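> got a predicted structure here, sequence first:
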Amino acid sequence: MNITSKQNIIVTGGAGYIGSHICKALAAENYTPVTLDNLSGGFEKLVKWGPLEVGDINNKIWLTDIFNKYSPLAIIHCAGLISVEESTKKPEIYFRNNFHATEILLDAMRKAGVKHIIYSSTASVYGNVTENVIAEKQITSPQNPYAESKLKAENAIHKQPKEQNDFSAVILRYFNAAGADDKSETGELHNPETHLIPLAIIAALNGTEFTIYGDGSVVRDYVHVSDIANAHLLALKYSISNNGVQTFNIGTGQGFSVIEVVRTIEKLSGKTLNLKFKEPRAGDVPKLVADVTKATELMSYKPQHSSLNNIIKTAIAWHQMDSLTINTTL
Ligand SMILES: NC(=O)c1ccc[n+]([C@@H]2O[C@H](COP(=O)([O-])OP(=O)(O)OC[C@H]3O[C@@H](n4cnc5c(N)ncnc54)[C@H](O)[C@@H]3O)[C@@H](O)[C@H]2O)c1
């Protein structure tokens, strides 16, 4: 039974950073986002735009019940473990939670007749790249268990049985998600936090030391989380009208170095960061910038919120407002 009059979209990991922004974007388009989350890395307080079902996507019986309850039009699959460092210490947990759980989800979808899935993948599947910008046809070469588990999940999606004629999937390889909702209704909240922008902002606001690994020249493509959320609306539209599996990069096509990010945070926060430089981290690729031509041409993807100033401005506003204690020591 469909328990709401609007179309339901299941968002796994909807209590997380990216998933909660996707829920807001779905609600604005009159869908009902139904969050499935075990709250291992997410927060109940970020689920504001639809129901929350607390549970683990490794539980096939629970998934089947949920699919029967909501008759979802599609699944947006963001749930996963996200720490590269942790994945090197506990790889088996990453393969179970990111890869096997995706297989379970696909199986439950097939049995319930749910035909569309949008999958949160990552630019880290490309590994060490020397190209100036990276297109989807680039050979993948994951350098850590996190990236490997995400690529295995992509492959599981590609392997869906051929007899599922009307099955469609869109794999979105995000580059560096950053920024926060422009009304601070949701934002980045990881515990522990490991990402550059929130860590540097928290250090600036608290007046604590901030560590840069290497000389600060590492370049990344920072894409505003609201642009990522909007890319899911486009992907949903695309998957409903096209069968098969497509993969798209979601970035901006422009890269910024760590030093450029840090200087922008100083400029917009009005604080000077107390910088400390340490040895570069093993496996830190010097440059990762997206070629977004495919998403632009096939889905009319066009980032609107991703200027570095807007990313930092919205992130600062979120961190100034948020009262949760965030562990910045890891
Ligand atoms: N943040 C980034 O820059 C980035 C970049 C590329 C890809 N991604 C991908 O995007 C997705 C979301 O990332 P995020 O930054 O929002 O992370 P997040 O930790 O904020 O959100 C992930 C959510 O998944 C939930 N979850 C984890 N395992 C689960 C399980 N077995 N069952 C139910 N819920 C589970 C967590 O509780 C959390 O709410 C992840 O799949 C990640 O790999 C993120």
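It's in.
> okay, stretch 283-303 in CSV with CA atoms only?
Output of stretch 283-303 as CSV, limited to C-alpha atoms (Å, rounded to 0.1, in the frame of the first residue of the first chain):
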residue,chain,number,x,y,z
GLY,A,283,47.9,8.0,-1.4
ASP,A,284,46.8,11.7,-1.6
VAL,A,285,46.4,12.1,-5.4
PRO,A,286,47.8,15.6,-6.4
LYS,A,287,44.8,16.6,-8.6
LEU,A,288,41.3,15.4,-9.1
VAL,A,289,39.1,17.6,-11.3
ALA,A,290,35.9,16.4,-13.1
ASP,A,291,35.1,16.6,-16.8
VAL,A,292,31.3,17.1,-16.5
THR,A,293,30.6,17.2,-20.2
LYS,A,294,28.6,14.0,-20.2
ALA,A,295,26.3,15.1,-17.3
THR,A,296,25.9,18.5,-19.0
GLU,A,297,25.0,17.0,-22.4
LEU,A,298,22.7,14.1,-21.3
MET,A,299,21.1,15.5,-18.2
SER,A,300,21.4,19.3,-18.6
TYR,A,301,23.5,19.3,-15.4
LYS,A,302,24.7,22.8,-14.5
PRO,A,303,26.1,23.6,-11.1
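> what residues of that stretch count as buried?
Buried positions in stretch 283-303, judged by neighbour count with 16 or more other C-beta atoms under 10 Å: 285, 287-292, 294-295, 299, 301, 303. For the C-beta atoms, the positions are set from N, CA and C on the backbone; glycine is no exception.
> between the residues you listed, which sits nearest Glu44?
Pro303 (29.5 Å; C-beta to C-beta).
> can you pull out the strands in the stretch 201-330 of the chain?
Ranges of strands in the stretch 201-330 of the chain, per DSSP state E, counting those that start in this stretch, are 209-213, 219-220, 222-224, 244-250, 256-257, 274-278, 287-288.
> for the second one, name the packing helices and strands.
This means strand 219-220. Under the contact criterion of 3 or more C-beta pairs under 8 Å, 6 or more residues apart in numbering; DSSP states H and E, strand 219-220 touches strand 256-257, strand 287-288.
> picking up where we left off before, now the buried residues of stretch 283-303 in a markdown table, with pLDDT and distance to the ligand?
Converted to a markdown table, these look like this (pLDDT from 0 to 100; distance: C-beta to the nearest ligand atom, whole Å):
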| residue | pLDDT | distance to the ligand |
| --- | --- | --- |
| Val285 | 83 | 14 |
| Lys287 | 91 | 16 |
| Leu288 | 93 | 11 |
| Val289 | 97 | 14 |
| Ala290 | 98 | 11 |
| Asp291 | 98 | 16 |
| Val292 | 98 | 14 |
| Lys294 | 98 | 17 |
| Ala295 | 98 | 15 |
| Met299 | 98 | 18 |
| Tyr301 | 98 | 16 |
| Pro303 | 98 | 14 |
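> make JSON lines out of the residues you listed and add distance to Tyr238.
JSON lines is the format used below for the buried residues of stretch 283-303 (distance: C-beta to C-beta, whole Å):
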{"residue": "Val285", "distance to Tyr238": "29"}
{"residue": "Lys287", "distance to Tyr238": "29"}
{"residue": "Leu288", "distance to Tyr238": "24"}
{"residue": "Val289", "distance to Tyr238": "23"}
{"residue": "Ala290", "distance to Tyr238": "18"}
{"residue": "Asp291", "distance to Tyr238": "18"}
{"residue": "Val292", "distance to Tyr238": "14"}
{"residue": "Lys294", "distance to Tyr238": "11"}
{"residue": "Ala295", "distance to Tyr238": "9"}
{"residue": "Met299", "distance to Tyr238": "5"}
{"residue": "Tyr301", "distance to Tyr238": "10"}
{"residue": "Pro303", "distance to Tyr238": "17"}
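> figure out the length between the terminal residues of stretch 189-198.
9 Å (C-alpha to C-alpha, to the nearest Å).
> again with stretch 242-254
End-to-end distance of stretch 242-254 (C-alpha to C-alpha): 29 Å.
> just the buried positions in it, please.
Buried positions in stretch 242-254, judged by neighbour count with 16+ other C-beta under 10 Å: 245-254.
> any chance of the strands of the stretch 201-330 of the chain in a markdown table with distance to Cys78 as columns?
A markdown table is the format used below for those (distance: least, C-beta to C-beta, whole Å):
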| stretch | distance to Cys78 |
| --- | --- |
| strand 209-213 | 27 |
| strand 219-220 | 20 |
| strand 222-224 | 15 |
| strand 244-250 | 13 |
| strand 256-257 | 25 |
| strand 274-278 | 31 |
| strand 287-288 | 20 |
